[in-house]
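Chemist: My questions concern the predicted model and sequence given below.
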Amino acid sequence: MNKYVYIIIFCLLSSFGISQQVSIDVKASAGNIVYNRSLKAEWTLGEIIVESFAYDEIMLDQGFHQGEYNILPPDHLILENLAINSNDVDCFAALSSIEVSNLTVELGGDITFIAGKNIVFQEHSIINLGGVLHAYISENGEYCENYKGLLNSTDNAEYESFVQPLAKPSDSNDQFNIFPNPTKHYLNIRTNITNSGSPVLIEVYSLTGEKVESMIMIASSATVDLSALKAGMYIVRIYHDNNIWIRKIGKL
């Protein structure tokens, strides 16, 4: 008899012990537990309510929080046969490089290229008078912002007598000698081209597209004072007739 009593008591105790192990689950769209040495906080997000209220620049959302999506440009971008017509405003970006061929920008067109490392313009790329081309290297991870570009035909208003559609950039080693490079104070530029009546325009840009120096070369040599510039890399652009010479220089 005592044997059966012990068995019944053991079964009851086991059932009671198992019943105390049932866990409570909370179904929620979000939740977390945060704690330190003196405080512990448990929270869950209630039922999803997606109604929003907005007034001027203030917006109130209820309950549901949308995650932030960071959409990045592609690593490499190749653009061919691109035509920017009047009143068109476009922007193209790539994390590493952009290659452009057969680009035409008409009067009133505006196009921007931003890359993390380099931008290459192949032959037959033309920016007509009144068209705008921005091209720069992003140094802060921002893309398609309104920064001043390295090429902008509207900047040449005072040189309208020789502004022409841009031709393929030429090799500066052919007709221009730029030295010393890098330089700490002065940059010397010498040329062997004959003066055909068209002025030679020399411009120096930072890598963000800001024009930092500009002068017209009236002789076979010129000296550009860079002593006031910060140390870093710069772009020298030389315009003559329908040609452009480009050289990267270092400022010590």
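Modeler: Good, I have the coordinates.
Chemist: what ranges do the helices span in this structure?
Modeler: Secondary structure of the chain (DSSP state H): helices located at 2-19, 172-175.
Chemist: Just the buried positions in stretch 176-184, please.
Modeler: For stretch 176-184, the neighbour count (16 or more other C-beta atoms under 10 Å) marks 176, 178, 183 as buried. Where you see a C-beta, it was placed from the backbone N, CA and C, and this is true even at glycine.
Chemist: Reformat those into CSV and put pLDDT and distance to residue 238 next to each item.
Modeler: Formatted as CSV, the buried residues of stretch 176-184 follow (pLDDT from 0 to 100; distance: C-beta to C-beta, whole Å):
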residue, pLDDT, distance to residue 238
176, 82, 6
178, 87, 9
183, 88, 16
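Chemist: Distance to residue 193 added to these, as JSON lines?
Modeler: Shown next, in JSON lines, are these (distance: C-beta to C-beta, whole Å):
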{"residue": "176", "distance to residue 193": "8"}
{"residue": "178", "distance to residue 193": "14"}
{"residue": "183", "distance to residue 193": "22"}
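Chemist: Which ones among those map onto strands?
Modeler: Within these, residues falling in strands by DSSP state E are 176, 178.
Chemist: Comparing the helices of the chain, which yields the minimum mean pLDDT?
Modeler: Lowest mean pLDDT of the helices of the chain: helix 2-19, a mean of 55.
Chemist: per-domain residue ranges of this structure.
Modeler: Domain assignment for the chain, taken from automatic domain parsing, gives 71-168, 169-252.
Chemist: The first one - what's its average pLDDT?
Modeler: Meaning domain 71-168. For domain 71-168, the mean per-residue pLDDT is 74.
Chemist: that older thread, which stretch among the domains of the chain comes nearest residue 35?
Modeler: In terms of C-beta to C-beta, the element of the domains of the chain nearest to residue 35 is domain 71-168, at 35.3 Å.
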